[in-house]
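Chemist: Quick check, what structure comes out for this input:
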Amino acid sequence: MRSLACIGNFSILPIIRKVMGGVILFPHLLYSEKFVLQFWRCLVTLYAGLFDLSWWGYVLMALLLTHITIVSVTLFLHRAQAHLAIQFGPFLSHFFRCWLWLTTGMVTKEWVAIHRKHHGQCEMEGDPHSPIVWLRGTQSPLLRVLKMIFIWVPWRGVRLYVAESKEIDMVRYGVGTPSDCVERHLYTPYAKYGIVLMLAFDILCFGAMPGLLIWLVQIVWIPVFAAGIVNGVGHYFGYRNFESCHRKTGVVDSSTNIGPFGVLIGGEELHNNHHAHELSPKLSVKWYEFDIGWMYIRFFNFLGLVKSIRSDRMPT
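Modeler: As a prediction, the model looks like this:
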């Protein structure tokens, strides 16, 4: 814990006495060293944070907090809500919803609707986040790669998501998502207020500068890794286990597995496996592939926090 009365060897008490000796405008109730010292302690706590960590400690905290967000997206938004592959108990469901409200500002119904539409119109006109549709007018392979890396991943993917969220048919694509009083009166109408609370929490815990940097990492993590990398790179670079295609039209999509180890993005790296078996709660298929999201599902199921798992939808 940080020292609240002094910073390093610097004591505030002589300054308090000197300042108070020349101040005559304070009310008598406030005109005391005790009040000023308490006020100073609050300022120091706000600036320095409750926890004094090394630089690698702050890095680990940022990775831990963003990992919780990734897990919330892949397990709750993606597998449970969008594809109904798993049903969590009330405790985990409310935790995921609250955490996503605090760290992303996304509305569950919007995210689910956009993702379902992506599967319904994958690689076709109207696909809300397909880089293939976006790149069709670009012929040069080098220019396509540069546009993917420097335009789609940093901001284009999330911009398409935001634009689609204002136009998509929620009645058609968002059916079955939470609609309780918390969702109607807090999470949806005040979707952007949660990230402000998270900013205050990060600054209180880690200090002004480290807290702000950790918060910024949290805010950009999902737009870059989900909208940018999974929905972008996961349709352009990587390997394919299946000739995945649209379930109704039979049009082959371009989904790829970014890598065999799904850890950093919660298992979403195995994107081709998901498009081939989109209703499966498990994204790994080959013996050498690892889906950390599936590991968490089994762990939560062991703890009794999962109501049901659609194991019948898993590839054999």
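Chemist: Wait, Val73 touches Leu100, no?
Modeler: Yes - if you go by CB atoms under 8 Å, Val73 and Leu100 touch, sitting 7.1 Å apart. Using the backbone N, CA and C atoms, a C-beta is placed for each residue, glycine as well.
Chemist: what about this structure, any weak spots by pLDDT?
Modeler: 1-47, 316 (pLDDT under 70).
Chemist: can you give me the strands for it?
Modeler: Here the chain has its strands, by DSSP state E, at 6-7, 10-11, 86-88, 261-262, 290-291, 306-309.
Chemist: between Val73 and Leu100, which one's more packed in?
Modeler: Ranked by neighbour count (other CB atoms under 10 Å), Val73 and Leu100 place Val73 first, with 27 against 24.
Chemist: still on that earlier bit, just send the strands of the chain back as TSV, with mean neighbour count and distance to Phe242 too.
Modeler: TSV is the format used below for these (neighbours: other CB atoms under 10 Å; distance: least, CB to CB, whole Å):
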stretch	mean neighbour count	distance to Phe242
strand 6-7	13	59
strand 10-11	10	64
strand 86-88	21	21
strand 261-262	20	16
strand 290-291	22	15
strand 306-309	17	22
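Chemist: I'd like the ones you listed as CSV, with distance to Thr138 appended.
Modeler: CSV is the format used below for the strands of the chain (distance: least, CB to CB, whole Å):
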stretch, distance to Thr138
strand 6-7, 55
strand 10-11, 59
strand 86-88, 38
strand 261-262, 29
strand 290-291, 33
strand 306-309, 42
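Chemist: Which among those strands is found nearest to Val133?
Modeler: The closest of these to Val133 is strand 261-262. By CB to CB, the value is 25.2 Å.
Chemist: Could you name the helices and strands sitting against the closest one?
Modeler: Secondary-structure packing of strand 261-262 (3 or more CB pairs under 8 Å, 6 or more residues apart in numbering; DSSP states H and E): strand 290-291.
Chemist: In its sheet, which strands sit next to the strand it packs on, and in what direction?
Modeler: Using DSSP bridges, strand 290-291 pairs in its sheet with strand 261-262 (parallel).
Chemist: which residues sit against the partner strand?
Modeler: 268-270, 283-284, 289-293 (CB atoms under 8 Å, 6 or more residues apart in numbering).
Chemist: ditto for stretch 285-292
Modeler: Residues contacting stretch 285-292 (CB under 8 Å, 6+ apart): 241, 257, 260-263, 266-267, 270, 273, 277, 282-284, 315.
Chemist: If we only consider those, which is nearest to His185?
Modeler: Closest to His185 out of the contacts of stretch 285-292 is Gly266 (29.3 Å), distances taken as CB to CB.
Chemist: so the closest one touches Leu77, yeah?
Modeler: No - using CB under 8 Å, Gly266 is not in contact with Leu77; the gap is 10.6 Å.
Chemist: out of the two, which sits in the busier spot?
Modeler: The neighbour comparison of Gly266 against Leu77 (other CB under 10 Å) goes to Gly266, with 26 against 23.
Chemist: Identify the residues contacting that one.
Modeler: Residues near Gly266 by CB under 8 Å, 6+ apart: 67, 70-71, 73-75, 292-293.
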